[in-house]
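Undergrad: sequence first, then the predicted structure:
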Amino acid sequence: MAACNDSSRQDHGLQRLSLQERMLLGFEVEQFLYHEASLLDDRKLDEWLALCTDDIYYWMPIRRTTTAKEIDNEFTKPGGMAYFDDDKKTLALRVQRLQVGRAWAEDPPSRTRHVVTNVRVVGVDGNDVTVASNFMLYRTRLNSEEDSWIGRREDVLRRDNGAFKLARRSIYLDQTVILAQNMSNLF
């Protein structure tokens, strides 16, 4: 999924909506993202997975420190190296591992808090709504492990029987070096 930084594309499909429709859509999107964050923090992973479409693409590229001339190469591209490059099947396997205690990095489980902010609807195309947001994921585990990840997300939410489902998620971390012992949580 391409970055939503091009201001000429940011109103894609939005100009045909009235102010009231844009406000309602923004509210619906925010409520979906807040509900999703709550499911992850409450470890309701089956319910979270049910919010994903069957064709979901969940991707977190690796960020590199680059010069200003090479800024287009700051993040790895789809198909290249990535922290996450998942579809519904691999997400389901991750959820299953977390739930049955096979993930040593999550036994005992982490305690997380997902903070989602600066939610912006940047495009509408039929049933797909493109959303940009900022996030912070705070995790504490055992008695002394503490990790934080901060960045931005670009999501595509798809209306399915009147409700949103997550169809695409691209996660762009602000960090170039991951100091955490693992990245076993969902973003």
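TA: Okay, I see it.
Undergrad: for this protein, which spans come out with low pLDDT?
TA: Flagging of the chain using pLDDT under 70 yields the residue ranges 1-11.
Undergrad: chain center to the lengthiest helix in the chain, what's the gap?
TA: Ranked by number of residues, the top helix in the chain under DSSP state H is helix 19-41. Here the centre of helix 19-41 is set off from its chain's centre by 14 Å, with Cα atoms, centre = their mean, to the nearest Å.
Undergrad: ok, and for that helix, which residues are buried?
TA: Under the neighbour-count criterion of 16 or more other Cβ atoms under 10 Å, helix 19-41 has Leu25, Glu28, Val29, Glu30, Phe32, Leu33, Glu36, Ala37, Leu39, Leu40, Asp41 buried. Using the backbone N, CA and C atoms, a C-beta is placed for each residue, glycine as well.
Undergrad: which strands or helices does it pack on?
TA: helix 45-50, strand 111-125, strand 128-141, strand 145-160, strand 163-173 (3 or more Cβ pairs under 8 Å, 6 or more residues apart in numbering; DSSP states H and E).
Undergrad: now these in JSON lines, with distance to Leu91 and mean neighbour count?
TA: Converted to JSON lines, these look like this (distance: least, Cβ to Cβ, whole Å; neighbours: other Cβ atoms under 10 Å):
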{"stretch": "helix 45-50", "distance to Leu91": "6", "mean neighbour count": "15"}
{"stretch": "strand 111-125", "distance to Leu91": "16", "mean neighbour count": "16"}
{"stretch": "strand 128-141", "distance to Leu91": "16", "mean neighbour count": "19"}
{"stretch": "strand 145-160", "distance to Leu91": "14", "mean neighbour count": "17"}
{"stretch": "strand 163-173", "distance to Leu91": "10", "mean neighbour count": "20"}
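Undergrad: out of those, flag the one nearest Arg64.
TA: In terms of Cβ to Cβ, the element of the helices and strands packed on helix 19-41 nearest to Arg64 is strand 163-173, at 11.3 Å.
Undergrad: neighbouring strands - and their directions - for that closest one?
TA: Taking DSSP bridges as the criterion, strand 163-173 forms sheet pairs with strand 52-61 (parallel), strand 145-160 (antiparallel).
Undergrad: quick check: which of the ones you listed is nearest to Arg111?
TA: Here strand 145-160 is closest among those (Cβ to Cβ), at 10.0 Å.
Undergrad: so that closest one versus helix 19-41, what angle?
TA: Orientation note: strand 145-160 sits at an angle of 130 degrees relative to helix 19-41 (axes from the mean of the first three to the mean of the last three Cα atoms, to 10 degrees).
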